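Colleague: This is a predicted model, with the sequence first.
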Amino acid sequence: MRTIYAFGPFWLDPQANMLYRGTEPLALGRRAVTLLRVLVEHPGALVSKETLIDAAWPGLAIEDSNLTVQIAALRRALVGEPDGARWIETLPRRGYRFVGPVVTKEESDAVAGGQSATPAKITRAQPVPALARDRRDLPLVGSDVVRDADGRTTGAGNRPQSAFHAQGEVNARASGDGFGDTSKRAEHSALRDFRRTGWLSLAPGPHRNRYLAMALAALLGAFWVSVPRSHQKPVDASTYATAPEPTGKTSPLDVPIAILPFTTSLGSPPTGLGERIAHDLASHLPRSGTLRVVPSQSLRDAPPDFKGIDAKLGVRYVVTGTIDTQDEKLQVSAALIDARTGARAWALHIAEDRGQWLAVHNEFIHRATFAIHFQAVRRAGNEPVDATKEPTISQLLRRGQAGLLDNSNSPRYEEARAAFAEVLRREPESVPAMVGLAAYYLQLVADLKIDREPHLTEAEGLLRRALARGTHDHSVHYQLGRLHNLQANLTAALEAFDRVLEIYPSHMPSYAWKGRVLIRLQRSEEALKSIRYATRLNGGTIVPGWQLWIGWAELELGRDEEAREAFNSALAASPHFSYVHASLAALHALRGERDAARQHAVEMRKRTPQLTDEQRLIEFNKGPDNRALRNRLGEGLRLAIEMAGSPPDN
């Protein structure tokens with residue numbers, strides 16, 4: 001006798017490792033079927049991510065994003081049945097559960113795989129009460145084991161945490177409410193995901209296209225959800241995740257890119273490493289929602305410098321790279337070549353001990369992915385256009401996206417608003433324009449430059465409309481996370497940034513943003529891990545807002561000299577930033593350095609004339625309820641204000 005599981009028109013044969021719809025076998029990989037088996041064996045129960053990974057990838061250290069890809073493939077397979085794609089529910093930051101109508105059948109081993117069976121015994125799974133489906137005390141299958149960034153096992157919930165705004169390699173700007181982690185992993189697991197030692201799970205040659213298709217399926221999945229207002233319970237968008245519905249349309253921000261296998265010119269690197277890096281980049285780059293990977297075979301007849309091939313071969317950029325070994329050092333270089341001019345648009349070089357490459361491989365992939373994405377968007381917005389012709393929708397969107405990368409004081413930032421508004425005038429349901437305009441408002445609110453409530457309401461409405469379009473765009477959830485942070489819906493903010501990284505694991509600013517939210521929740525150690533990971537992915541480039549947040553966390557942990565170093569770094573990069581002056585005023589006051597505390601308190605007042613001192617105590621140190629936190633920053637800031645005396649207008 002053997003056990004099979006039936007749900008709707010589908011039935012799963014665990015022994016044959018096959019899923020059927022009626023008598024037709026479905027083209028699913030072995031790992032996807034294994035995951036489905038574990039889920040249907042425990043209908044209605046939460047199955048932890050660790051349990052699923054151990055079942056499908058026994059003995060391997062892999063990213064959670066691999067799990068996300070396989071779950072997305074399962075949802076695609078089930079989408080033909082009404083609500084089938086929703087039979088697999090995401091439990092935010094915890095795991096998944098199967099809520100479909102499972103029937104367990106016992107039948108003879110002699111029954112052929114594709115034939116109908118007359119079961120000797122049928123056991124219907126106990127239904128899950130409707131109310132229980134929303135409870136957090138559901139039965140847990142498997143232990144919630146967590147590994148920290150160094151691979152050590154910790155308790156559940158003790159995970160490290162994890163913008164497309166950047167300066168330097170990534171122009172991530174500081175904002176008034178903080179600055180710029182995958183499948184709702186428990187609390188803060190993103191660092192663990194991307195620092196696990198081990199290769200991404202790769203299929204052998206003939207199966208690679210299928211696995212890449214699964215990766216793209218994860219990117220294209222759509223879901224519906226409304227954005228909550230600040231007084232409502234936040235809605236978890238991932239609960240409504242569904243399989244993609246192909247439209248045949250190309251994104252207006254589409255940038256075609258080809259990736260060549262990395263070559264070797266010196267030494268003997270690990271066999272197949274060049275192909276692995278190219279494969280991983282090809283899997284990650286499309287998740288940006290902007291970059292479309294085209295087959296590298298199209299470059300067979302391209303000139304060595306790739307100059308002028310953009311129109312002929314339909315490739316805008318080419319990624320090339322080399323891998324060399326010397327004295328047990330592995331040197332990996334990557335470059336982005338402009339297929340229009342043949343010029344190098346970006347380059348990255350790292351050197352690592354040969355035996356340590358496994359530990360940094362994922363970081364290299366994520367760092368390269370986001371940097372290529374950033375460069376493509378920035379350069380697209382700067383391309384010349386014919387001033388005698390009306391700009392196209394794509395040109396306007398690219399101009400707007402590039403403008404958002406600038407400081408909110410720059411003229412180009414204001415041009416971004418005009419570009420997005422024009423797109424919405426022509427195409428009122430343009431998701432990129434809705435998200436872009438919402439991002440514009442959110443940044444200005446955070447920078448204390450426009451009225452808070454009406455513009456937060458406007459941004460919320462835009463994001464509500466974007467989500468109602470069933471979008472699977474990471475930028476929607478990123479801006480949603482920023483909105484929730486400004487509205488003090490901090491749990492919803494963390495979940496939104498988790499969702500970003502489920503869709504787009506290389507989105508480094510979301511790690512930093514999660515750190516910012518964790519600081520407001522007074523979880524400083526977790527915040528530090530998350531922000532520092534973002535900084536590593538950013539190549540160590542100084543981002544003022546991230547440095548400010550690091551300083552806040554260090555200050556709360558009693559590490560004043562580390563806080564001082566971080567604050568001064570932020571000040572050097574952004575000398576007019578009021579939050580930096582407030583933070584330095586607090587630090588100096590706590591240290592008894594009266595003159596310096598007074599100086600920065602006066603500068604803080606100068607930069608925020610619209611606020612009273614009591615409002616400043618709240619604005620620069622907000623907690624979950626938008627009230628001032630009781631912490632060292634607040635204590636020091638109050639002392640500094642007292643040292644500075646009454647402001648002239650009081």
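Modeller: Okay, I see it.
Colleague: I'd like the distance between residue 270 and residue 363.
Modeller: 17 Å (C-beta to C-beta, to the nearest Å). Bear in mind the C-beta positions are built from the backbone N, C-alpha and C, glycine included.
Colleague: now residue 416
Modeller: Distance from residue 416 to residue 363, by C-beta to C-beta: 31 Å.
Colleague: So for the two, which sits in the more crowded spot?
Modeller: residue 416 (26 against 16; other C-beta atoms under 10 Å).
Colleague: wait, that one sits on residue 399?
Modeller: Yes - between residue 416 and residue 399 a contact is recorded at 7.3 Å, counting by C-beta atoms under 8 Å.
Colleague: Please save the CA atoms from stretch 617-625 in PDB.
Modeller: The C-alpha trace of stretch 617-625 is given here as PDB (Å, rounded to 0.1, in the frame of the first residue of the first chain):
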ATOM      1  CA  LEU A 617      12.500  65.800  21.200                       C
ATOM      2  CA  ILE A 618       9.800  63.700  19.500                       C
ATOM      3  CA  GLU A 619      10.800  64.100  15.900                       C
ATOM      4  CA  PHE A 620      14.500  63.100  16.300                       C
ATOM      5  CA  ASN A 621      13.700  60.100  18.600                       C
ATOM      6  CA  LYS A 622      10.400  58.600  17.700                       C
ATOM      7  CA  GLY A 623       9.200  55.300  19.100                       C
ATOM      8  CA  PRO A 624       6.400  52.900  18.000                       C
ATOM      9  CA  ASP A 625       3.700  55.300  19.000                       C
END
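Colleague: If you count neighbours, what's buried in that stretch?
Modeller: 617-623 (16 or more other C-beta atoms under 10 Å).
Colleague: so residue 323, which of the three states?
Modeller: Under DSSP: H, G, I helix; E, B strand; the rest coil, residue 323 falls in the strand class.
Colleague: What does residue 76 show for phi and psi?
Modeller: As for residue 76, its main-chain torsions (degrees, to the nearest 10) stand at phi -60, psi -40.
Colleague: Check residue 553 too.
Modeller: phi -60, psi -40.
Colleague: how many neighbours does it have?
Modeller: Quick note: residue 553 (other C-beta under 10 Å) scores 27 neighbours.
Colleague: With residue 514 instead?
Modeller: By other C-beta under 10 Å, neighbour count at residue 514 equals 33.
Colleague: Correct me if wrong: it contacts residue 496.
Modeller: No - Residue 514 lies out of contact with residue 496 (C-beta under 8 Å); the separation is 9.5 Å.
Colleague: most centrally placed residue in the chain?
Modeller: Centroid-nearest residue in the chain, with C-alpha atoms, centre = their mean: residue 501, separated by 2.5 Å.
Colleague: Wasn't that one part of a helix?
Modeller: Yes - judged by three-state DSSP, residue 501 forms part of a helix.
Colleague: Confirm for me that it is in contact with residue 510.
Modeller: Yes - judged on C-beta under 8 Å, residue 501 makes contact with residue 510 at a distance of 5.5 Å.
Colleague: Off-centre distance for stretch 506-524?
Modeller: 12 Å (C-alpha atoms, centre = their mean, to the nearest Å).
Colleague: Residue 459 contacts residue 438, doesn't it?
Modeller: Yes - Residue 459 lies in contact with residue 438 (C-beta under 8 Å); the separation is 4.1 Å.
Colleague: Now the common contact residues for those two.
Modeller: 479, 483 (C-beta atoms under 8 Å, 6 or more residues apart in numbering).
Colleague: burial measure for the residue nearest to residue 328 when sequence neighbours are not counted, as a count.
Modeller: Excluding its sequence neighbours, the residue lying closest to residue 328 (C-beta to C-beta, 6 or more residues apart in numbering) is residue 354, at 5.1 Å. When neighbours are counted by other C-beta under 10 Å, residue 354 registers 16.
Colleague: And residue 384, by the same measure?
Modeller: The burial count for residue 384: 5, using other C-beta under 10 Å.
Colleague: Before we go further, it is sitting in a helix, right?
Modeller: No - per three-state DSSP, residue 384 lies outside any helix segment and is coil.
Colleague: what about residue 578, distance to residue 637?
Modeller: 12 Å.
Colleague: ugh, typo on my part, it should be residue 514
Modeller: Noted for residue 514: a distance of 24 Å to residue 637, by C-beta to C-beta.
Colleague: Repeat that for residue 484.
Modeller: Residue 484 is 25 Å from residue 637, by C-beta to C-beta.
Colleague: These two - which one has more neighbours?
Modeller: residue 637 (28 against 24).
Colleague: Doesn't that one lie inside a helix?
Modeller: Yes - counting by three-state DSSP, residue 637 is found in a helix.
Colleague: tell me the contacts of it?
Modeller: 582, 585-586, 589, 616-617, 620-621.
Colleague: how about a markdown table for those residues, with secondary structure added?
Modeller: Shown next, in a markdown table, are these (three-state DSSP):
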| residue | secondary structure |
| --- | --- |
| 582 | helix |
| 585 | helix |
| 586 | helix |
| 589 | helix |
| 616 | helix |
| 617 | helix |
| 620 | coil |
| 621 | coil |
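Colleague: mind putting these in TSV, distance to residue 445 included?
Modeller: Output for the contacts of residue 637, formatted as TSV (distance: C-beta to C-beta, whole Å):
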residue	distance to residue 445
582	18
585	23
586	23
589	28
616	17
617	19
620	15
621	18
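Colleague: which sections of the chain are below the confidence cut-off?
Modeller: Scanning the chain with the threshold set as pLDDT under 70 gives 1, 61, 63, 80, 107-252, 298, 300-302, 470-471, 648-650.
Colleague: domains of it?
Modeller: 2-141, 253-371, 542-650 (automatic domain parsing).
Colleague: Residue 467 is nearest to which of those domains?
Modeller: domain 253-371 (14.7 Å; C-beta to C-beta).
Colleague: Could you tell me the end-to-end distance of the closest one?
Modeller: Using C-alpha to C-alpha, to the nearest Å, one end of domain 253-371 lies 17 Å from the other.
Colleague: do the same with stretch 555-564
Modeller: 8 Å.
Colleague: Now do the contacts for residue 626.
Modeller: If you count contacts by C-beta under 8 Å, 6+ apart, then residue 626 has 488, 618 around it.
Colleague: Three-state assignment for it, please.
Modeller: Once three-state DSSP is applied, residue 626 turns out coil.
Colleague: next one: phi and psi at it?
Modeller: Torsion angles, degrees, to the nearest 10, at residue 626: phi 60, psi 20.
Colleague: Then residue 329?
Modeller: phi -100, psi 140.
Colleague: Excluding sequence neighbours, find me the nearest residue to it.
Modeller: Nearest to residue 329 is residue 351, by C-beta to C-beta, 6+ apart, at 5.3 Å.
Colleague: The one you found and residue 536, how far apart?
Modeller: In terms of C-beta to C-beta, residue 351 sits 15 Å off from residue 536.
Colleague: If you count surrounding residues, which of those two has more?
Modeller: residue 536 (18 against 11).
Colleague: The residue nearest to residue 329 contacts residue 327, doesn't it?
Modeller: No - here residue 351 lies out of contact with residue 327, judged by C-beta under 8 Å, at a distance of 10.1 Å.
Colleague: Identify the residues contacting the residue nearest to residue 328.
Modeller: So residue 354 contacts 269-270, 325, 328-330 (C-beta under 8 Å, 6+ apart).
Colleague: Please dump the residues you listed into JSON lines; it should also carry distance to residue 427 and neighbour count for every row.
Modeller: Below are those laid out as JSON lines (distance: C-beta to C-beta, whole Å; neighbours: other C-beta atoms under 10 Å):
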{"residue": "269", "distance to residue 427": "48", "neighbour count": "19"}
{"residue": "270", "distance to residue 427": "48", "neighbour count": "14"}
{"residue": "325", "distance to residue 427": "52", "neighbour count": "16"}
{"residue": "328", "distance to residue 427": "56", "neighbour count": "9"}
{"residue": "329", "distance to residue 427": "52", "neighbour count": "14"}
{"residue": "330", "distance to residue 427": "48", "neighbour count": "21"}
